[in-house]
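>>> Any chance you could fold what I've pasted below:
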Amino acid sequence: MYMQPGNIKSMRTVQRQLDDFVFLRQQLLDEWPDTVVPTLDHLIEPLLLLSPRLLEDAVQCLDRMLAWLFFHPLLRHTHILHAFVRLPDLKRDVFAHHAFVRRQLRSQNVESSVQEKGEDYFFKYARQMLLPLRDSLGKVLHQSRQVELCIRGTEVSRRVVANDLKTMSLGQPELREMLNIVSLCCNGTYSPWVEFIGIVQNMHSLASGVLLALEYPLCLIDQQTELRTHLERQRDALQHHKAWTLFSQENKQLNHEKTKVVETLGAVEKTSCEIGDSHQRISDELAHFQTIQPRYISRALGRLARQQFEREKVNLKVLLMAMNDLKCVSKEEPPKM
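Below is the predicted model:
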């Protein structure tokens, strides 16, 4: 749903499917390959539509992805993101072409920068630091899902206990009221872990997105290394032709070798500029991620603790009411067996 600020009449609704979000993510990465976009790998499952609960979780995950994109200092200004929430019809071929053109223009206009030695150290160090974080979030996510499954697995048993308790009053109104109170405690089905799991899943997707963003500059460094090796070979070949140039045909070959050396030098310079530009952008992405990640985790833990506390407080209140009623019922001594 989209609405212009202050103009309620401009409200409109656009329908999007999962593959539309996959397309949006791919186009953002095609235009800005070194930015952090949450991964959607855990949602691309054929069995997703068979479970209403999983479908609801997927919708919440996609909402969090859009919230991240609109909070991102760079991606929130992209044309395709605004078109994604405004236009009812996404012309994918047009957007894909525009993303390709903008990336080519950006690579051509990137300013030359002095590349420090050991440029890959920064990217490899960042990857080395983020891999344990991504793995830890994956373990927390797995264990939290196990806890949630255990909680949901006891729902049926709690309902059975609650129903059985209601039939144990034996015609005594006081006992019936007390058992009804206890059954309310047994029949609770709300779990505060659902929201916590969603936030941890979002952080795991973001950490995976950061690692994917780091792959782009590392590939550029490998490409630069290959270009430099190829340049050395071309220079050796050029020196060889200079030493044996006697005829016009060989002069043409010499000029051709010079042209190839110039082209390779240009490619090396362009790649160096792209690496420097990517270094700056990755630094900004990591700073943004490090600002958001502790805030998300602290909020998730705080909400989990508060919701669990409120739930236990309600259960305690119910049990205290039942205990007081039980004291009233148990004043009369039962006959000895």
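>>> Quickly list the domain ranges of the chain.
What automatic domain parsing lists as the domains of the chain is 1-109, 116-337.
>>> Is it possible to get a markdown table of the ones you listed that adds mean pLDDT and mean neighbour count?
Every residue, glycine included, has its C-beta placed from N, CA and C. What follows is the domains of the chain, written out as a markdown table (pLDDT from 0 to 100; neighbours: other Cβ atoms under 10 Å):
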| stretch | mean pLDDT | mean neighbour count |
| --- | --- | --- |
| domain 1-109 | 78 | 14 |
| domain 116-337 | 76 | 15 |
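>>> list the contacts for Phe100?
By Cβ atoms under 8 Å, 6 or more residues apart in numbering, the residues touching Phe100 are Asp30.
>>> In what element of secondary structure is it found?
Using DSSP states H and E, Phe100 sits within helix 92-109.
>>> Show me how far that helix is from its chain's centre.
Helix 92-109 sits 24 Å away from the centroid of its parent chain (Cα atoms, centre = their mean, to the nearest Å).
>>> Over to stretch 221-228?
Centre-to-centre, stretch 221-228 and its host chain are 30 Å apart (Cα atoms, centre = their mean).
>>> Same question for stretch 56-76.
Centroid separation between stretch 56-76 and its chain, computed with Cα atoms, centre = their mean, is 9 Å.
>>> Using CSV, list the CA coordinates for it.
Provided in CSV are the C-alpha atoms of stretch 56-76 (Å, rounded to 0.1, in the frame of the first residue of the first chain):
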residue,chain,number,x,y,z
GLU,A,56,2.3,-15.6,7.3
ASP,A,57,6.0,-15.8,8.5
ALA,A,58,7.1,-15.2,4.8
VAL,A,59,4.9,-12.1,4.6
GLN,A,60,6.4,-10.7,7.8
CYS,A,61,9.9,-11.5,6.5
LEU,A,62,9.2,-9.6,3.2
ASP,A,63,7.9,-6.7,5.2
ARG,A,64,11.1,-6.6,7.2
MET,A,65,13.1,-6.7,4.0
LEU,A,66,11.2,-3.6,2.7
ALA,A,67,11.7,-1.8,6.0
TRP,A,68,15.4,-2.5,5.7
LEU,A,69,15.6,-1.2,2.2
PHE,A,70,13.7,2.0,3.0
PHE,A,71,16.0,2.6,6.0
HIS,A,72,19.1,2.0,3.9
PRO,A,73,21.0,5.3,3.3
LEU,A,74,21.6,4.4,-0.4
LEU,A,75,19.1,1.9,-1.6
ARG,A,76,16.1,3.9,-0.3
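>>> now what about it, what contacts it?
Stretch 56-76 is contacted by residues 18, 21, 25, 28, 32, 35-38, 40, 43, 48, 81, 85, 194, 198-199, 201-202, 205-206, 281, 284, 288, 292 when judged by Cβ under 8 Å, 6+ apart.
>>> now, which of those lie within helices?
The members of the contacts of stretch 56-76 that map onto helices under DSSP state H are 18, 21, 25, 28, 81, 85, 194, 198-199, 201-202, 205-206, 281, 284, 288, 292.
>>> Show me where the stretch 201-337 of the chain has its helices.
Using DSSP state H, counting those that start in this stretch, the helices of the stretch 201-337 of the chain run over residues 248-329.
>>> nope, the stretch 51-200 of the chain is what I meant
Using DSSP H, counting those that start in this stretch, the helices of the stretch 51-200 of the chain run over residues 52-71, 79-86, 92-109, 119-153, 155-166, 173-186, 193-243.
>>> Can you add distance to Thr13 and give the ones you listed back as a markdown table?
Shown next, in a markdown table, are these (distance: least, Cβ to Cβ, whole Å):
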| stretch | distance to Thr13 |
| --- | --- |
| helix 52-71 | 14 |
| helix 79-86 | 10 |
| helix 92-109 | 20 |
| helix 119-153 | 32 |
| helix 155-166 | 35 |
| helix 173-186 | 39 |
| helix 193-243 | 23 |
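>>> Compare those and report which one is nearest to Val318.
Closest to Val318 of these, according to Cβ to Cβ: helix 173-186, at 4.5 Å.
>>> sec struct for Gln15, please.
Remark: Gln15 carries the secondary structure label coil [criterion: DSSP: H, G, I helix; E, B strand; the rest coil].
>>> Chain neighbours aside, what residue packs nearest to it?
Using Cβ to Cβ, 6 or more residues apart in numbering and skipping residues adjacent in sequence, the residue nearest Gln15 is Pro88, 7.5 Å away.
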